[in-house]
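Enquirer: sequence plus predicted model, see below.
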Amino acid sequence: VQHERGAGGGSAPKSAERPMLLMNQVPGLERYSTEEGKFRHDVNMRPDVASREDYERVPVEAFGAALLRGMGWRPGGKIGVGANARHVEAVMPVPRGYRQGLGADDALVALKNAKKERRFIRPGEKRGVKMPMRAPAAKDGRRRHYHKVGEKLVEARPLTLEAGALVHFRRGKHKGL
């Protein structure tokens, strides 16, 4: 641990250069010589057990924000430490359909399920397929499984070969196009 000269001529360790375990060390442990004494001091320094009323005071919606504030984050502030600190735009995940793995086309699954499902329609209803909603495509045309906060979801269309469709050749003379 490097030291710097203080105003009184003494030396004090730089907090930025101290290892994380030493920065989180319980104060006053050096007064105790036995492990049991250190343990008892550590337990006595801990906060009291939270009661049910403590949990009920904080609404569930505010729990995550309270946790982040406890770690030093401030609303509108940057995320990260030092040179890595930056503003990050929040994103929301778009969940996949039931039992759909990577690469599954949710629009085709909806069409197949609609063909299987025969039901009577009520007056005023339309017979049709309710297509799932998904995030808009990225700039390069690839499908995203997240959307930015405030960004609208779009209705999914089945992947079909039609005019203007994005095609990727894996083999042959047009490979890579």
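Expert: Yep, it's here.
Enquirer: shouldn't Lys38 be in contact with Arg31?
Expert: No: shown here, Lys38 and Arg31 do not form a contact pair, counting by CB atoms under 8 Å, at 9.0 Å. The C-beta positions use only the backbone N, C-alpha and C, and glycine is treated the same way.
Enquirer: quick one, which of those two is more surrounded?
Expert: Taking other CB atoms under 10 Å, Lys38 and Arg31 do not tie; Lys38 has more neighbours (16 against 9).
Enquirer: and that one, what element?
Expert: Following DSSP states H and E, one finds Lys38 within helix 35-45.
Enquirer: near Ala107, how many residues? Count them for me, please.
Expert: In terms of burial, Ala107 registers 19 neighbours under the definition other CB under 10 Å.
Enquirer: for it, helix, strand, or coil?
Expert: Following DSSP: H, G, I helix; E, B strand; the rest coil, the label given to Ala107 is helix.
Enquirer: that one contacts Val154, correct?
Expert: No: with contact defined as CB under 8 Å, Ala107 does not reach Val154; the gap is 11.1 Å.
Enquirer: and after the helix holding Lys38, which helix or strand comes next?
Expert: Remark: after helix 35-45, the chain's next helix or strand is helix 52-57, criterion DSSP H and E.
Enquirer: could you export the next helix or strand after that following helix as PDB, CA atoms only?
Expert: As assigned by DSSP H and E, the chain's next helix or strand after helix 52-57 is helix 60-70. Backbone C-alpha positions of helix 60-70 (Å, rounded to 0.1, in the frame of the first residue of the first chain) are rendered in PDB as follows:
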ATOM      1  CA  VAL A  60     -42.000  -3.400  -4.500                       C
ATOM      2  CA  GLU A  61     -41.800  -1.000  -7.500                       C
ATOM      3  CA  ALA A  62     -39.200   1.200  -5.600                       C
ATOM      4  CA  PHE A  63     -37.100  -1.700  -4.300                       C
ATOM      5  CA  GLY A  64     -34.700  -1.800  -7.300                       C
ATOM      6  CA  ALA A  65     -34.200   1.900  -7.300                       C
ATOM      7  CA  ALA A  66     -33.600   1.900  -3.500                       C
ATOM      8  CA  LEU A  67     -31.000  -0.900  -3.900                       C
ATOM      9  CA  LEU A  68     -29.200   1.100  -6.600                       C
ATOM     10  CA  ARG A  69     -29.300   4.300  -4.500                       C
ATOM     11  CA  GLY A  70     -27.700   2.300  -1.700                       C
END
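Enquirer: quick one: list the elements packing against helix 60-70.
Expert: The helices and strands touching helix 60-70, judged by 3 or more CB pairs under 8 Å, 6 or more residues apart in numbering; DSSP states H and E, number zero.
Enquirer: distance of Thr160 relative to Met131?
Expert: For Thr160, the distance to Met131 equals 13 Å [CB to CB, to the nearest Å].
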